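Participant: sequence unknown, structure follows:
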């Protein structure tokens, strides 16, 4: 029997007690080719994973360890970093030096220009060398480079939803680079698991609000990729909103059409653009996405409309911020880096209702 | 004692079993100068109001009556119509002929140009004469005309939130008439009280979606008022979204600045513009509205931001769709028509949390 | 004009930045005979009330003050204490010494036997003299004593819902004093406004859990009043649950019938028992309460059923934990103490939906 | 390659457009040894599965068919019936005659005594012969009989949560057969997918209510199994409640202890009783279950407490009503009937948050 048993790749989850960390653990348990060999958390170090996450009963025998655990870098082959920015940078440097592969879910390696990082994050970028080696981990754009990467910067949740909404229209020249509005609505898990007044249930439920107007740190990340697609520097209006739900991001993008084009033509452009993508579904004409339909899954649903009266292309995209917007996309990137089937461990459908 | 007892004005609520009707009844109970003398509902006719609305225990002795109840037009002095469009038109005609005052919460008299009504509502406008007499019931713009009106068209919920967000900037020439984006997020009570699959709790909770893209019927209403403010015909991109909450509309408006202007200047313009308005609060600089803070109240909260990188003015407004967006504004209009204190019955603060 | 203007009683809210404090402020604004002259908060001292509660725009000119504010005890005629237990005791002592009337929303004066207090709250009761003077502020039982009291202990939210559910059946001898089960479900505002992991929106939404099994501190309060009704010491099983909603408590009580009795007879007992109570409504036969119907209001709705197969009387009661379970009942008590109309300021219906 | 490819068992889902049907489809996609060969729905017949369930994008090429589809009984090897009661009975008879295996998720074969069925469901039991062959599909009690069954009656959602909570205590004689109270709280997906006023989002959110007091049809099912465990006829008080959440049932059971026993002893009894069960987890001492921790999973979490003051054993159990309470348990039963690994397709952890 032994012969059939493939030796599993060892995976470490650093920062395993936040929501993205918990989601990595949940999804990795469904993955046939890897095993979780190390889980770290400063706050919960010494306690079982189930103390922070009673839902992860399959990890009853795993203990959280401190990130500086003795010989941590030898305990796994691939490291998934669900750490705060700045902490992530340092951990990545140490692990890459030890020859490991890293998928970093923080913002530390997403912005190619370190001065942009420093302006928006108000901290020095201490790993400029690594930054040059890193690949932006959006498989729908950078698949072939991710396959060869040792350090992948997993995209932010909002940028994932925005870039997937815009890419086909920009690539096909359907829209101009002015007046782009990206209005996003996110569930509250995106705010993380630290106790703060603003995210108490009584404050969040039954209300909606905008935040980070004109200042949200995902703005330069969106602009970086949108500029790359246009081939010139572009700015966008990006406004995130907090919605009384756990998970999900809905992005409504308003794009100025460069020419008269029918909805059917636009739909065909999007459909073709994503035809081979395992995780992006362009919905049938006349249907619009609901975040609940991708809840718990790695899918992105896209709906389209053309407003002829204003000359605007409307694109709506839905993802689960913790899966396609974080943990699922990280595993997708890991699968690409390790040569696995792309969908391994992350092919499950959304949990509805 | 009798001398001190002021005779109360009799008010009828037609269409009293929907959410707007229920809210009219709740608020009218708090009103010191009127009494509810008639409540109609086709579906619930013959049953006590509390059968449809157990929360309205003060109406235990009121029965729903059919709208065609014998002598209905003699049973009240003012009629608040929470009826479907088309039905409202006919009722209004009958009541005005009987010399009554009417506030119509439907869309039947909101659009000044009957051909626009006919294009968007796909039905003939059979009361063009009345339409010319009607006044659009947004007190912040039409207060003096409302005071003299016999027929007030109560604004739609989305238009109320959008127009209040835009008015000061347009009036002061801060923004241009192109590229206006109005992205609104509404609680589900706006969908009404008819059982439909899409509005079941299991379908709505924990998800967000856009709907009516480029086709929502509140679009021409917004454009009518925005055009009036600009003094020329303007089109806008308006997209409503369904949010998993009962009540509330948050509107995020993106306006192109006509000139360089600081946030402080814009804030001052808005603050002054609404300084005397009892129901519109411009929040302090740096604060943005949360719909939950106006829940159950007639207030509108407004927050502002300027994005210098894109030249965009961002305005966020929050209202309760059933109060300032429907029943509360109707009572405000009634108060104006009857010469009462404007805030009578509707001065309560939001119910938070 | 002066003649008509009644001088208003000055009211202080101590501990005004929590949810009960905010609700006191909201309701007091609707009260025709009092004015808020002092609001304290340690955490927010020096800031406007609207910084903690943007929904209370009518308090824009009120600042939170520290509880030890110079001459605080002279700044009001009545003091409503929304303070933590232990802190409340001390404040009450100081204020009563200054000749003021006090309604204490904490647990400090609810338990008549100080040794029971000390056992459940694990702290010494330092104000035993005051305890003897205090009255348990459930108007439906202690109305006449409340009228004469200078110190009223406002009941806990769970005990309010439980005692109102049980009282008529016990008084009429319908049930025995064994096997009483009280299963309560509460919205999360009952947990207060301090940031804690367990009450983050992402932890609370879409889930339900029991807590404090066999150990919740409202148990001795329920048992005290139930024992008083039975005339002998009685124990009960009380289990609270956390429900993903803001407000509301639903209590389902299981009582063993002492004799064969029909549902109609039980219903008549309850109906008569509460016939003159302004805030308790016994629903029609076959109807059961929904907490949402009393949201934001001071009402208690009660529904009944008899299970003949098991000999059990089922009583279901619904209140808003922040109103009838806290702030509204405190104002009811204040009205009684000051000889006002009982319903002044708290007669509003529930906000539904 | 052909040699390695195991031929998959064909599974039909009858009644595939309701929530349980959708959940069957979602879980079957994760199952390595079966393929879905037929999905029926009267209402959606002729439309793709994704029209009713956009989240199930993997079923884009499956069409809903009418249940009377030509040769339906030849189109699969196993039939999972998510049909209304009465309809299920007839379908089961036809399929068993054709030699197929059936798991029936309806109530038609759960009650062994057809007169009890007829009393509670007010309809004749037309398949008494089949009823005698059927097995009650709770694997934790009837595993060996399920393995040999051709017709399995999948338990109701409430009974699953109640029986798992009670079984160890009854089997070990820890509790008496009197005064049993079962207070259950369910998410709204349990009410099904038919549009009804009472289940609209605006009616359900932010409120909790009891329903079916003393009359809920799951009562005789609970009593049947509890009586079987006690070895004599037992009645229970069972009250279900509707909670503003999608999924999940929390059951709080109150059991009278037959003797003095410590919490530690009870915990050990439960722990041992479920030690080998793949889907039942007895939580560590002092922890209580949260339904959200089992959301989307087939797990049951159990917490325990002893109230020495009242002599009561408190047991709290949590399941997902659509998985362990319906679709997941049906697949568990199917796995047992077909000799598969028990956990195949249903081993995923809960989706939290």
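Facilitator: Happy to help now that I have it. Model, not experiment: these values are computed from the prediction.

Participant: quick one, grab the pLDDT at the residue of the stretch 251-353 of chain A found nearest chain C.
Facilitator: With Cβ to the nearest Cβ, the shortest gap between the stretch 251-353 of chain A and chain C falls at residue A:322, namely 9.9 Å. In this view, the C-beta of every residue, glycine as well, is placed from N, C-alpha and C. On pLDDT, residue A:322 comes in at 98.

Participant: using the three-state scheme, assign it.
Facilitator: The assignment at residue A:322 comes out as coil when based on DSSP: H, G, I helix; E, B strand; the rest coil.

Participant: could you count how many residues lie near it?
Facilitator: Residue A:322 is flanked by 31 other residues according to other Cβ atoms under 10 Å in any protein chain shown.

Participant: just give the nearest non-adjacent residue to it, would you?
Facilitator: In space, and not counting its chain neighbours, residue A:322 is closest to residue A:23: 4.5 Å by Cβ to Cβ, 6 or more residues apart in numbering or on different chains.

Participant: contacts only, for residue A:298.
Facilitator: Going by Cβ atoms under 8 Å, 6 or more residues apart in numbering or on different chains, residue A:298 touches A:279, A:320, A:323-324, A:328-329, A:331-332, A:346-348.

Participant: between those, which is nearest residue B:184?
Facilitator: Using Cβ to Cβ, residue A:320 comes nearest to residue B:184 of the contacts of residue A:298, at 23.7 Å.

Participant: ok, the closest one - how many residues close by?
Facilitator: 32.

Participant: got a list of what it touches?
Facilitator: Residues in contact with residue A:320 (Cβ under 8 Å, 6+ apart) are A:247-249, A:291, A:294-299, A:328, A:350.

Participant: TSV please, covering those and showing pLDDT and secondary structure.
Facilitator: Shown next, in TSV, are the contacts of residue A:320 (pLDDT from 0 to 100; DSSP: H, G, I helix; E, B strand; the rest coil):
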residue	pLDDT	secondary structure
A:247	97	coil
A:248	98	coil
A:249	98	strand
A:291	98	helix
A:294	98	helix
A:295	98	coil
A:296	98	coil
A:297	98	coil
A:298	98	coil
A:299	98	coil
A:328	98	helix
A:350	97	coil
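
Participant: which one of those is nearest residue B:188?
Facilitator: Proximity of these to residue B:188 (Cβ to Cβ) peaks at residue A:291, which lies at 14.7 Å.

Participant: that closest one touches residue B:204, doesn't it?
Facilitator: No - applying Cβ atoms under 8 Å, one finds residue A:291 not in contact with residue B:204, separated by 11.5 Å.

Participant: returning to that earlier point: the residue of the stretch 251-353 of chain A closest to chain C and residue A:189 touch, don't they?
Facilitator: Yes - taking Cβ under 8 Å as the definition, residue A:322 is a contact partner of residue A:189 at 5.8 Å.

Participant: shared neighbours of these two, anything?
Facilitator: Contact with both residue A:322 and residue A:189 is made by residues A:19, A:247, according to Cβ under 8 Å, 6+ apart.

Participant: next secondary structure after the lengthiest helix in chain A?
Facilitator: Taking DSSP state H as the criterion, chain A has its longest helix at helix A:157-171. The helix or strand immediately downstream of helix A:157-171 is strand A:181-186, counting by DSSP states H and E.

Participant: so where is chain A shaky, pLDDT-wise?
Facilitator: A:1-5 (pLDDT under 70).

Participant: can I see the domain layout of it?
Facilitator: A:2-154+A:326-338, A:158-319 (automatic domain parsing).

Participant: would you map the helices across the stretch 1-150 of chain A?
Facilitator: Secondary structure of the stretch 1-150 of chain A by DSSP state H, counting those that start in this stretch: the helices cover A:19-28, A:49-52, A:87-97, A:114-121, A:128-133, A:139-148.

Participant: can you count the residues close to residue A:214?
Facilitator: For residue A:214, the count of nearby residues is 17 (other Cβ under 10 Å).

Participant: ugh, typo on my part, it should be residue A:318
Facilitator: Counted with other Cβ under 10 Å, residues neighbouring residue A:318 total 33.

Participant: that one belongs to a strand?
Facilitator: Yes - using three-state DSSP, the secondary structure at residue A:318 is a strand.

Participant: thinking again about what came up before, can you give me the buried ones in the longest helix of chain A?
Facilitator: Buried residues in helix A:157-171, counted by 16 or more other Cβ atoms under 10 Å in any protein chain shown: A:157-170.

Participant: who does it touch, helix- and strand-wise?
Facilitator: Helix A:157-171 is packed against helix A:139-148, strand A:181-186, helix A:219-230, strand A:237-242, strand A:249-256, helix A:263-273, strand A:300-307, strand A:312-319, with contacts defined by 3 or more Cβ pairs under 8 Å, 6 or more residues apart in numbering or on different chains; DSSP states H and E.

Participant: which residues are in contact with the longest one?
Facilitator: Contact with helix A:219-230 is made by A:107, A:110-113, A:116-117, A:119-120, A:136, A:138, A:141, A:155-156, A:158-159, A:162-163, A:166-167, A:170-171, A:177, A:180, A:182, A:233-236, A:238, as judged by Cβ under 8 Å, 6+ apart.
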